[in-house]
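**Student:** Provided below for reference: sequence and predicted model.
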Amino acid sequence: MEFVADAESINPYANTDNDPSNDVDANKDGKVEPDGADQLQWPGQEYPTPPAEAFDAYKGPLTNHDLYSDAYGSVLTGYAPIKDASGQTVAVLGTDIKADDFFTVTRETLYPFLLFINFLVLTIVILAIAIIKIWNKRVDVLAELDTQKDDILNMVTHEFRTPVTRINSYAELLLDGTMGQLTPEQKESISTILDASHIMGDETEMILAAAKIKLGKLPLHPQPLDLNAFFAEIARSAEQQAKEQNVGIALSIPANLPTAPFDMQYMRLALNNLISNAIKYTSLRFPKGEGKVEFSVEIKDKALIFKAKDNGVGIPEDAKGKIFKEQMYRAKNSGTKGNGLGLYATMGIIKAAGGDIWYESKENEGTTFFVKLPLNA
Ligand code: ADP
């Protein structure tokens, strides 16, 4: 294979000086002819080529293309095979294109562009480092705030719980006559103090539970709990509340309930909240006594099912998506008694115990809350 024209092969001194190393036998006739057929042709001039047989030829794809610089400048060179009908390569067409302009343009545009990209990358990296540093500081501040919140919660727990417990136990001692007999009026006053103290204790617990749930730190301490004794106490409290608020009550609590690993305090808080809501929102609709609530316990598929049904004000449609999710949310038909923390806390407690809670409700017809708690959680 041979190139018939190549800018590189042009030697201006060929065959014209007396230096045999510059001689070229271009027409391959065995003789070096300075002024004849061996005179080198410049690209574009007619070039004597040996006669060739006719063949079907086509240009194949560009097989190579290099960009290189040498003594003659910068050149883009490419080769394409010319093949006969059988696919045999019979010649190679080569071409050189001067590429000095290309290099100049590259130098003038690509280099500044690359420099700009480098600058951009560097700026992005510096910005990213700055953002990470600021973020880390923010995380530190949040962690600090979190610790402070924990400290406040612990402080509130101690400062409120202890006095409330003391008030309760002294009021109970006074009521049962341990500290001397009281007149009926005195007994009634102490009972009122005890009720108020119970409400205060429950509210404190509810606020603390809601705050802990919000922080994702509700610590349940499950202990084997005798469900018979537990629900007997729940029933007593429910009957008392229903009586006080002039609401009819029906209880369905089976005998021989098992012992289950529940956190007694939190479980009582959660179920009492559903009970007191049922009574409160029924009394709101029927203050004169036509209201009715039903509470039932059932053991089914290794789970405890608690149901609190009422025919109270019901939950309006627009409130249904919010009552479990939003702290302090109260539907517009919920009257003035309440703070919107109870269901949020109840949900958190039930979920933390591995259980589930849901409800069915229709405004002005009533509500039923369901709680399912696994007995072996
Ligand atoms: P609240 O202290 O307001 O009762 P909760 O968190 O216990 O707070 O309840 C949130 C809201 O859900 C209530 O304000 C009320 O609108 C609605 N709700 C809860 N239980 C009942 C129910 N048994 N009947 C009607 N509405 C209810």
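**Tutor:** Okay, I see it.

**Student:** what's opposite Leu76 in the beta bridge?
**Tutor:** Following DSSP bridges, Leu76 is listed with bridge partners Leu67, Ile97.

**Student:** that one contacts Phe102, correct?
**Tutor:** Yes: using Cβ atoms under 8 Å, Leu76 is in contact with Phe102, at 7.1 Å. Where C-beta positions appear, they are placed from N, C-alpha and C, glycine not excepted.

**Student:** can you read off the pLDDT for the residue nearest the centre of the chain?
**Tutor:** Centroid-nearest residue in the chain, with Cα atoms, centre = their mean: Gly216, separated by 16.1 Å. For Gly216, the model assigns a pLDDT of 80.

**Student:** phi, psi of it?
**Tutor:** phi 70, psi 30 (degrees, to the nearest 10).

**Student:** next: the one 3 residues further on.
**Tutor:** With angles defined as degrees, to the nearest 10, Pro219 shows backbone torsions of phi -90, psi 110.

**Student:** cool, and Ile349?
**Tutor:** phi -70, psi -50.

**Student:** and it, how many residues sit next to it?
**Tutor:** 28 (other Cβ atoms under 10 Å).

**Student:** swap in Glu188?
**Tutor:** 11.

**Student:** what strand or helix carries it?
**Tutor:** Using DSSP states H and E, the element containing Glu188 is helix 184-214.

**Student:** for the protein, which segments count as helices?
**Tutor:** 100-105, 111-175, 184-214, 227-244, 264-285, 342-352 (DSSP state H).

**Student:** helices and strands around the third one, which ones?
**Tutor:** Secondary-structure packing of helix 184-214 (3 or more Cβ pairs under 8 Å, 6 or more residues apart in numbering; DSSP states H and E): helix 111-175, helix 264-285, helix 342-352.

**Student:** one more time with 10 Å
**Tutor:** Counting contacts by 3 or more Cβ pairs under 10 Å, 6 or more residues apart in numbering; DSSP states H and E, helix 184-214 is packed against helix 111-175, helix 227-244, helix 264-285, helix 342-352.

**Student:** cool, the shortest one as well?
**Tutor:** The criterion is 3+ Cβ pairs under 10 Å, 6+ apart, and the helices and strands that helix 100-105 contacts are strand 64-70, strand 73-83.

**Student:** tell me which of the ones you listed is the most buried.
**Tutor:** Sort these by mean neighbour count, taking mean count of other Cβ atoms under 10 Å, and strand 73-83 sits at the top with a mean of 16.

**Student:** other SSEs contacting that one?
**Tutor:** Packed against strand 73-83 by the contact rule (3+ Cβ pairs under 10 Å, 6+ apart) you find strand 58-59, strand 64-70, strand 89-98, helix 100-105.

**Student:** in a markdown table: those, plus mean pLDDT and distance to the ligand.
**Tutor:** Listed next are the helices and strands packed on strand 73-83 as a markdown table, based on pLDDT from 0 to 100; distance: least, Cβ to the nearest ligand atom, whole Å:
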| stretch | mean pLDDT | distance to the ligand |
| --- | --- | --- |
| strand 58-59 | 43 | 83 |
| strand 64-70 | 68 | 76 |
| strand 89-98 | 76 | 81 |
| helix 100-105 | 77 | 73 |
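
**Student:** out of these, which one sits most buried?
**Tutor:** Note that of those, strand 89-98 is the most buried (mean count of other Cβ under 10 Å), with a mean of 15.

**Student:** roughly how far out does it sit from the chain middle?
**Tutor:** 60 Å (Cα atoms, centre = their mean, to the nearest Å).

**Student:** the ligand contacts on this protein?
**Tutor:** Residues of the chain lying close to the ligand by Cβ under 6 Å from any ligand atom are 273, 277-278, 281, 310, 312-315, 319, 323, 330-331, 334, 338-344, 367.

**Student:** now, of those residues, which are buried?
**Tutor:** Taking 16 or more other Cβ atoms under 10 Å as the criterion, what is buried in the residues of the chain next to the ligand is 273, 277-278, 281, 310, 312-315, 319, 323, 330-331, 334, 338, 340-344, 367.

**Student:** on that earlier part again, contacting residues around the residue nearest to the centre of the chain?
**Tutor:** Residues near Gly216 by Cβ atoms under 10 Å, 6 or more residues apart in numbering: 146, 348, 352.

**Student:** contacts for stretch 191-200, please.
**Tutor:** For stretch 191-200, the surrounding residues in contact (Cβ under 10 Å, 6+ apart) are 160, 163-172, 174-175, 237, 240-241, 244, 276.

**Student:** what pLDDT, on average, does it get?
**Tutor:** Stretch 191-200 comes out with an average pLDDT of 85.

**Student:** for stretch 236-244, same thing?
**Tutor:** 92.

**Student:** what of stretch 312-327?
**Tutor:** The average pLDDT within stretch 312-327 is 92.

**Student:** also stretch 275-288?
**Tutor:** What stretch 275-288 shows for mean pLDDT is 96.

**Student:** how about that stretch: buried residues?
**Tutor:** Buried-residue list, stretch 275-288, by 16+ other Cβ under 10 Å: 275-286.

**Student:** same deal with stretch 237-254?
**Tutor:** For stretch 237-254, a neighbour-count test (16+ other Cβ under 10 Å) marks 238, 241-242, 245, 247, 249, 253 as buried.

**Student:** alright, that wraps it up for me.
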